[in-house]
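S.K.: Build the 3D model from these lines:
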Amino acid sequence: MLNSMRIASTARSARILCHTRFYSTPGSSNSSGGDARLEVIRRVLFEPARREAVIKLEDETLEQHETIERAWKLHRMRIREERERSLERQFRAMHAAMNELEKTSDRLYKGALVKSRHMTYPKQAKIPTETPSTQGWDYSFKAPSETTA
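M.R.: Presented below is the predicted three-dimensional model:
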C-alpha cells in the first residue's frame, strides 16, 4: 500500500513537472533567482567602475605630493594660456590682414569673403588638426582615368 502511494505520488509529481515551464522558474544556481546567464550579463554590463585604492600619505610625503600636483597644474595652465595667446595673435593678424585687404582692393576683399559651394579636395575635406599628419602626402597616388568605350 505504501509503495503504491509512493508510485502514485511520483507519477503525479512527474505530470506536474511536465507542465511546468522550466525557463521561467527561478534556478537553483544562485540565491537571487532567475537565469544564471542574466546574472552574468548584469554583472558584466552594470558592474560599478573599479577605483584604484587611495594611498594614504603621511605628512611630508603628502606635502610633496600636493606640491607636485600644484606644479603640474600650473604647468598645464601655462601651456593652455600660451596656446590661447597664440590663437589670439593669429586672429588679430588675420583681422589686420583682412582690414588691409579691404583698404587695398575691394574686389579682392569681397573675393576673400565668398565661400565656395564646391569642396576643393583635399584642402576642405580633411579635418582640421593642430599638427600635420604623420603619414604626409601620398606622392604615388594617381587619379583614376576616365575611359569611355
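S.K.: Just the element for the spatially most central residue of the chain, please.
M.R.: In the chain, the centroid-proximal residue (CA atoms, centre = their mean) is Ala49; its distance is 16.0 Å. Under the criterion DSSP states H and E, no helix or strand holds Ala49.
S.K.: ditto for Glu146
M.R.: For Glu146, there is no host helix or strand (DSSP H and E).
S.K.: what distance separates the start and the end of stretch 117-137?
M.R.: From its first residue to its last, stretch 117-137 covers 25 Å (CA to CA, to the nearest Å).
S.K.: One more: stretch 104-117?
M.R.: Note: stretch 104-117 ends 26 Å apart using CA to CA.
S.K.: what about that stretch, average pLDDT?
M.R.: Mean per-residue pLDDT for stretch 104-117: 87.
S.K.: Now do that stretch: distance to the chain's middle.
M.R.: 40 Å (CA atoms, centre = their mean, to the nearest Å).
S.K.: Buried residues in that stretch, which are they?
M.R.: Buried residues in stretch 104-117, counting neighbours by 16 or more other CB atoms under 10 Å, are absent. (Each C-beta comes from the backbone N, C-alpha and C, glycine too.)
S.K.: from here on, count from 734
M.R.: All set: I'll call the first residue 734, so the last point we hit is now stretch 837-850.
S.K.: Could you report the neighbour count for Leu771?
M.R.: If you count neighbours by other CB atoms under 10 Å, Leu771 ends up with 13.
S.K.: Report the separation between it and Val777.
M.R.: In this view, Leu771 and Val777 are 11 Å apart by CB to CB, to the nearest Å.
S.K.: how far does stretch 860-870 sit from the chain's center?
M.R.: Mean-position distance between stretch 860-870 and its chain equals 21 Å (CA atoms, centre = their mean).
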